[in-house]
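Peer 1: got a predicted structure here, sequence first:
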Amino acid sequence: MYGKIMVSYKKNPDVDYEIVFVGRSNVGKSTLIRSLTGKNVAVGRRPGVTLRPSHLQFGDLVVTDMPGFGFMRGIKEHKQDLVKTAFVRYIEKYRDRIILTVLVLDGKSFAEVVDRWEGRGEIPIEVEMFQFLHELNLDVIVAVNKMDKIKDIDGVMNGVAQRLDMLPPWRQWLNVLTPISAKKKDVKALTGLIRSRIHNLGRDDLLAWIR
Ligand SMILES: Nc1nc2c(ncn2[C@@H]2O[C@H](COP(=O)(O)OP(=O)(O)OP(=O)(O)O)[C@@H](O)[C@H]2O)c(=O)[nH]1
Ligand SMILES: [Mg+2]
């Protein structure tokens with residue numbers, strides 16, 4: 001129990017509102033959800049292997065941790081496709097109750113990964129997912145994580161913005177783009193953005209889950 005709020009870890013509950021955390025494997029989705037909620041999600045699963053989302057229920061709201069997409073060593077390409085297909089199906093199925101998606105990126109490696117893919121003439125998977133979420137008219141906040149490792153914050157944030165077709169300077173996009181460090185619990189700007197989205201629903205009672 002969490003005050004009056006029910007917490008469930010596995011079942012996908014029948015609720016009216018959902019916030020979904022998506023992103024490549026290892027970017028820090030589960031760490032982020034833990035620092036936002038104080039609750040643990042996804043215990044002891046191998047990165048990239050589990051196809052099933054994990055859920056935390058807070059009353060009428062469910063917070064979902066999606067399996068990470070993208071290449072992981074030792075995991076067959078076939079499995080990557082399954083993760084991607086499962087992701088697309090999930091988002092389409094629950095589209096109507098999803099009030100917000102948080103795309104988590106690794107600030108340290110994002111630019112390099114995107115440039116490598118584009119150099120091969122391919123669309124980087126996180127760019128593809130970003131576009132897919134927009135095509136469904138979903139609200140997407142891009143949380144650029146692991147900023148504790150970064151010295152040139154403006155440089156990295158501008159690099160991310162530009163690669164997602166958001167014209168730098170990145171500070172023009174503060175409503176949808178924010179640097180964070182999930183590990184250091186430096187997530188205040190993101191917390192503020194999530195709070196304002198929930199506030200706009202007229203459901204301030206649902207704010208209790210955020211630390
Ligand atoms: N330096 C630093 N490391 C972080 C941060 N957030 C997460 N990590 C580390 O990154 C690794 C992956 O974190 P997870 O939260 O498991 O990543 P994930 O996105 O849930 O990964 P999958 O479940 O495989 O999709 C762990 O070793 C974390 O400690 C951060 O803000 N800074
Ligand atoms: Mg995880």
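Peer 2: Structure received. Ligands and ions are numbered 1, 2, ... in the order given.

Peer 1: can we go C-alpha only for contacts and neighbour counts from here?
Peer 2: Fine.

Peer 1: where's the closest residue in space to residue 177 that isn't next to it in sequence, which helix or strand?
Peer 2: Nearest non-adjacent residue to residue 177, counting by C-alpha to C-alpha, 6 or more residues apart in numbering: residue 142, 4.8 Å away. Using DSSP states H and E, residue 142 falls within strand 140-145.

Peer 1: please apply the same query to residue 157.
Peer 2: helix 153-163.

Peer 1: burial of the residue nearest to residue 177, as a residue count?
Peer 2: The number of residues packed near residue 142 is 25, by other C-alpha atoms under 10 Å.

Peer 1: ok, residue 128 next?
Peer 2: The burial count for residue 128: 13, using other C-alpha under 10 Å.

Peer 1: secondary structure class for it?
Peer 2: Here residue 128 is recorded as helix under DSSP: H, G, I helix; E, B strand; the rest coil.

Peer 1: what average pLDDT does the longest helix that the chain contains get?
Peer 2: Ordering each helix of the chain by length in residues (DSSP state H) puts helix 77-93 first. The average pLDDT for helix 77-93 rounds to 85.

Peer 1: report the buried residues of that helix.
Peer 2: Using 16 or more other C-alpha atoms under 10 Å as the test for burial, helix 77-93 gives 79-80, 83-84, 86-87, 91.

Peer 1: before we move on, the earlier item: tell me the spacing between the residue nearest to residue 177 and ligand 1.
Peer 2: Distance of residue 142 to ligand 1, given as C-alpha to the nearest ligand atom, to the nearest Å: 14 Å.

Peer 1: next: residue 194.
Peer 2: 18 Å.

Peer 1: same question for residue 80.
Peer 2: Taken as C-alpha to the nearest ligand atom, the span from residue 80 to ligand 1 is 12 Å.

Peer 1: find me the pLDDT at residue 73, would you?
Peer 2: 56.

Peer 1: please apply the same query to residue 42.
Peer 2: Looking at residue 42, the pLDDT reads 56.

Peer 1: who in the protein is up against ligand 1?
Peer 2: 24-31, 47-48, 67-68, 145-146, 148-149, 181-183 (C-alpha under 6 Å from any ligand atom).

Peer 1: what helices or strands is the strand holding residue 142 leaning on?
Peer 2: Here strand 140-145 touches strand 98-106, helix 125-135, strand 177-179, going by 3 or more C-alpha pairs under 8 Å, 6 or more residues apart in numbering; DSSP states H and E.

Peer 1: no further queries at this time; thank you.
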